[in-house]
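Enquirer: I'll drop the sequence and a predicted model, then ask my questions.
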Amino acid sequence: MKSITAFLTLGLSLAASVSAAPLSLKRRAVDPALVPEFGHPAGLNPTGTGDCDGITNAAGQVVKIPCFCPPNRAEFIASLDANVAAGRVVNNPGVSASFPTDNSKESKLARMQAALVTLQNMRGPGVGCPAASTTFLAQQKAIQDGTDAPAAPAPQTPAPSPQPAPAPAPAPAGGVDPALVPEFGLQSGLNPTGTGDCDGIRNAAGQIVKIPCACPPERNAFIASLSQNVAAGRVVNNPGVSVSFPTDNSKASKLARMQAALVTLQNLRGPGVGCPAASTTFLAQQKAIQDGPDDGAAAPAPAPPATPAPAPAPPANSGGVDPALVPEFGHQAGLNPTGTGDCDGITNASGQVVKIPCACPPDRATFLASLNANVAAGRAVNNPSVAVSFPTDNSNQSKAARITASLITLQNLRGPGVGCPAASTTLLAQLRAVQG
């Protein structure tokens, strides 16, 4: 009996001590009630090419935005939490983030700015969702034009001054000679806007081009990436683009080295995802070489052109489509990347080059496998309400049906309306030629 009493006494004592101990709860960096609402839903009026309607701009035009923008609210708040806890944008450390909680105009604006820079840098420096996927800028203007009495909170910590690029280190064994690698000619982090953009070079019209603040990249990392590309004979992150780095002093070799530097810069983190040419003076240096004398005694042949797309692969499964009947894309992926994921597509009827994702058009074998699956199902697997047929005779009607099946497959590669735009190919022109 005594032992039972002692046991109960011990249990109550432990319970009391546990209940008296303070709970260690993780405190949120931000109060969700203070996080501005997006004011716009994702996925409005999809075009079938991954674009949807954003807000209406000052000119009364609807701005096109990625269909997945704005992001999921919980994911956004989690990202904002991380940024505020760090005091800067985790994916773009040169941009400060603060989230004061009082009701002054300055604090409201600081919270709005923290939301904006989080939105625009969710997946990397300057890679996220555009402001036009929300009403953040309108909310910001309303705060600025309001009558809130400023409360004088502590000023937001300014972004640190960018450090000059360190002196080039020797290239790794077998790498390129750093002395032959062109200098960037521009410093990263100039005049940050606070939204991930900084000043790049001046364009032909004398205007400063905005570039990601992380560009140009750290010199040693760039040379390491260039060395890898040269060793592989192509851009590791964009294998359809050839690379050579001859070491003589001829004009052709200088131009080949400049081209190798450019394509390395523009594909640092993936196909067309890197830094834009406007973050360097590479294009001006390239033009100076082209317009200058040839210092080499005997200029070698110029760098080889980008490797063309491989020949169509055989059908992925028996009974699949005949690759010889599948229309060619007529356009190459990864042309003139901007450094933000966009590249040149076809030229439209107005004579303007359409911007497309740099990963478009897709790898031919992947496309054929997807087309096979759609034709076998009689509809787009990723968008089942869209019928697909692939007749094999030589009539114009059958040719048009095959092109249409290719277009539908292209535009729904990864989900309903999520794929590559028609402007990444000449399929529409081919269709018009058949129909007309």
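Expert: It's in.

Enquirer: low-scoring pLDDT stretches of the stretch 51-200 of the chain, where are they?
Expert: 147-174, 194-195 (pLDDT under 70).

Enquirer: And the strands in it?
Expert: All strands of the stretch 51-200 of the chain, identified by DSSP state E, counting those that start in this stretch, fall at 51-56, 62-66, 88-89, 92-96, 197-202.

Enquirer: Repeat that for the stretch 201-350 of the chain.
Expert: All strands of the stretch 201-350 of the chain, identified by DSSP E, counting those that start in this stretch, fall at 208-212, 234-235, 238-242, 342-347.

Enquirer: winner for burial among those?
Expert: Neighbour counts (mean count of other C-beta atoms under 10 Å) averaged over each of the strands of the stretch 201-350 of the chain peak at strand 234-235, with a mean of 22. All C-beta spots, glycine's among them, are computed from the backbone N, C-alpha and C.

Enquirer: strands paired with that strand, and their directions?
Expert: Strand 234-235 has the following strand partners under DSSP bridges: strand 238-242 (antiparallel).

Enquirer: for the strand it pairs with, the distance to its chain's centre please.
Expert: Relative to the centre of its chain, strand 238-242 is centred 18 Å away, using C-alpha atoms, centre = their mean, to the nearest Å.

Enquirer: go on, stretch 117-127?
Expert: In terms of C-alpha atoms, centre = their mean, the centre of stretch 117-127 is found 10 Å from the chain centre.

Enquirer: what's the first-to-last distance across it?
Expert: End-to-end span of stretch 117-127 (C-alpha to C-alpha, to the nearest Å): 10 Å.

Enquirer: Outside of that stretch itself, list whatever touches it.
Expert: With contact meaning C-beta atoms under 8 Å, 6 or more residues apart in numbering, stretch 117-127 is reached by 70-71, 75-76, 79-80, 83, 89, 91-92, 95, 97, 128-131, 133-134, 136, 194-197, 212-215, 269, 273, 340-341.

Enquirer: Looking at the strands of the stretch 51-200 of the chain, spot the one closest to L407.
Expert: Closest of the strands of the stretch 51-200 of the chain to L407 is strand 51-56, at 15.7 Å (criterion: C-beta to C-beta).

Enquirer: packing partners for the closest one?
Expert: Contact partners of strand 51-56 among helices and strands, from 3 or more C-beta pairs under 8 Å, 6 or more residues apart in numbering; DSSP states H and E: strand 62-66.

Enquirer: pLDDT below threshold where in the stretch 251-400 of the chain?
Expert: Along the stretch 251-400 of the chain, segments meeting pLDDT under 70 span 295-319, 339-341.

Enquirer: how about the helices in it?
Expert: Here the stretch 251-400 of the chain has its helices, by DSSP state H, counting those that start in this stretch, at 251-266, 282-291, 364-377, 396-411.

Enquirer: Mind putting these into TSV with distance to V241 and mean neighbour count?
Expert: Below are these laid out as TSV (distance: least, C-beta to C-beta, whole Å; neighbours: other C-beta atoms under 10 Å):
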stretch	distance to V241	mean neighbour count
helix 251-266	5	23
helix 282-291	15	15
helix 364-377	16	19
helix 396-411	21	20
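
Enquirer: Kindly present these as a markdown table, with separate columns for distance to L186.
Expert: Output for the helices of the stretch 251-400 of the chain, formatted as a markdown table (distance: least, C-beta to C-beta, whole Å):
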| stretch | distance to L186 |
| --- | --- |
| helix 251-266 | 11 |
| helix 282-291 | 10 |
| helix 364-377 | 37 |
| helix 396-411 | 37 |
